[in-house]
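Visitor: Here is the input, now give the coordinates:
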Amino acid sequence: TSVSAGAGEGRVYSLDTKAYQRARASHQMAGEAASAGEGRRNASQQVGPARAHLPGLPPEVDQAAEEALGVSATDLISVLFALGNWPLGASDADAVVTDISTVTRTLQEQLTFGSEPDGGGRIQAAVSLLTSTPAGLKTADWRPWHARSRQRRLLVQPIAALRDDFAVIAPHFSLTSASVYINYLTQGMLPWSSPQPPAALNRALASLRDARNRQLEDDVADALRAAGYTCETRIRERNASRLGVPSLSGEIDIIAGRPGSRIIWLLEVKDPADVYVAPEIRRHLDRFYVTHGKDKAYADLLGAKHKDLMPHANAVADALRLPDAGDLAYEIGPVFVTRRPVPAGFAGGPFPFTTIRELPQTLSAAERHALAVERRSADADAAFRDCPCLQARRPRARPEACQPCRCHLSSARASRKGSWQSSPMPARCG
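Guide: Numbers count the residues shown, from 1 in each chain. Below is the predicted model:
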């Protein structure tokens, strides 16, 4: 699927949407569904007199949300789960019609914090925030393709109230809304971008995003060390000497290598927010691949760091205390590492992508491929020495003139490509 020109100054992407969807589904089935269920159980419980917090949300976000919205993020999720467990009779349909006062009273009875002195006010604030009204929907532009930029949408305000005495509660839809809120809040965002949140809440969410990014960098380094790699992390431009290089164009997240491989991995760790609709996907791809003035694309920044290190790969190996590579020089392999599969990894960019979950296996596979290429290159060199064309020293005969040499030349050319690239294996001699 091609994403048409727009914000990216005429760039058209070949986004493999099917491969991206398969990767996301596989990733979620492997573990994220379980963690979401754990979050659901914990979100609806109170532990002792202290406030409970949704897993993945720091108290600062809850406090800022309560000051700005009248209800904390955790309370909001608890209300949505309570709506998802709305009592239905055997003859009731999947949705029920009630009134706002009954909704508030029922939630106060169901939720533990409803009995606290300020519990009623917090529940009323949550119900108000989660209610869609005809007047509110009429004032908003109906642009479904904008998704997160719209607060006035049923997915974010699942209580549909035509008037105070006519409110529709759909339990299953409320649970869907809860999953949307959890997904956005734990990534450090509200499920809407307009209107902008108050400054204090915005700062708390930004701090959460920064903390998640740094934690992902730490987790990536831990995964590499567990797989036998030596790592250096967070190398700033002014500390280029840590890697034995004269200068750096930007901070390096992680550089890693291990004995037995001549590839030194330059890892750029990114944790972009999930995107779902075309404008969001377009902005995501542009952020990775389109430079706007001083706002450099992530791929351009990684490419500049790669150029910084390429001439000094052996010096970087020394800084990592790796053994001498012998006749073969070390090389630098740039790679993006993300928490989950992201669209930028399926748009044919210049650098490979992997997730933290698949990181050790991905790097090991690339290293095995590089070793196989080196062995074929050595076999090709031996074949050149034994080639009858060369032994006869016929000046007009070149190695390419004979079929065996042509095949070996193909292997030799492939070996000169960066071993970190996901290129197909060269054909064997027949």
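
Visitor: Now residue 196: phi and psi?
Guide: phi -60, psi 140 (degrees, to the nearest 10).

Visitor: mind checking which helix or strand the closest residue to it other than its chain neighbours is in?
Guide: What sits nearest to residue 196 in space, not counting adjacent residues and going by CB to CB, 6 or more residues apart in numbering, is residue 202, at 6.9 Å. For glycine as for every other residue, the C-beta is placed from the backbone atoms N, C-alpha and C. Using DSSP states H and E, residue 202 sits within helix 199-226.

Visitor: burial count for the closest residue in space to residue 185 that isn't next to it in sequence?
Guide: Leaving aside its chain neighbours, residue 185 sits nearest to residue 73 (5.1 Å; criterion: CB to CB, 6+ apart). The number of residues packed near residue 73 is 27, by other CB atoms under 10 Å.

Visitor: and the residue nearest to residue 196, how many residues sit next to it?
Guide: Using other CB under 10 Å, residue 202 has 14 neighbouring residues.

Visitor: List the buried residues in the helix holding residue 202.
Guide: Going by neighbour count (16 or more other CB atoms under 10 Å), the buried part of helix 199-226 is 201, 204-205, 208, 212-213, 216-217, 220-221, 223-224.

Visitor: neighbouring contacts of the helix or strand that that helix is followed by?
Guide: Per DSSP H and E, the first helix or strand lying C-terminal to helix 199-226 is strand 230-235. With CB atoms under 8 Å, 6 or more residues apart in numbering as the test, strand 230-235 has contacts from 217-218, 221, 224-225, 242-243, 248, 251-258, 319-322.

Visitor: Please pull out the lowest mean pLDDT helix or strand from this structure.
Guide: helix 33-43 (a mean of 37; mean pLDDT, DSSP states H and E).

Visitor: who touches the next helix or strand after that one?
Guide: Towards the C-terminus, the helix or strand next in line after helix 33-43, according to DSSP H and E, is helix 59-69. Contacts to helix 59-69, defined as CB under 8 Å, 6+ apart, come from residues 51, 53-54, 71-76, 122, 125, 129, 185, 197-198, 200-201, 203-205, 207-208.

Visitor: which residues of this structure fall in strands?
Guide: Assigned strands in the chain, in chain order: 2-3, 13-14, 96-98, 131-132, 159-163, 166-169, 230-235, 252-257, 263-270, 331-338, 353-355 (criterion: DSSP state E).

Visitor: what is the mean pLDDT for the fifth one?
Guide: When you say that, I think you mean strand 159-163. Averaging pLDDT along strand 159-163 yields 87.

Visitor: What residues of that strand count as buried?
Guide: Buried residues in strand 159-163 (16+ other CB under 10 Å): 159-161.

Visitor: In terms of secondary structure, what does it contact?
Guide: strand 131-132, strand 166-169 (3 or more CB pairs under 8 Å, 6 or more residues apart in numbering; DSSP states H and E).

Visitor: switch the cut-off to 10 Å
Guide: helix 73-84, strand 96-98, helix 100-110, helix 119-129, strand 131-132, helix 134-139, strand 166-169, helix 171-185 (3 or more CB pairs under 10 Å, 6 or more residues apart in numbering; DSSP states H and E).
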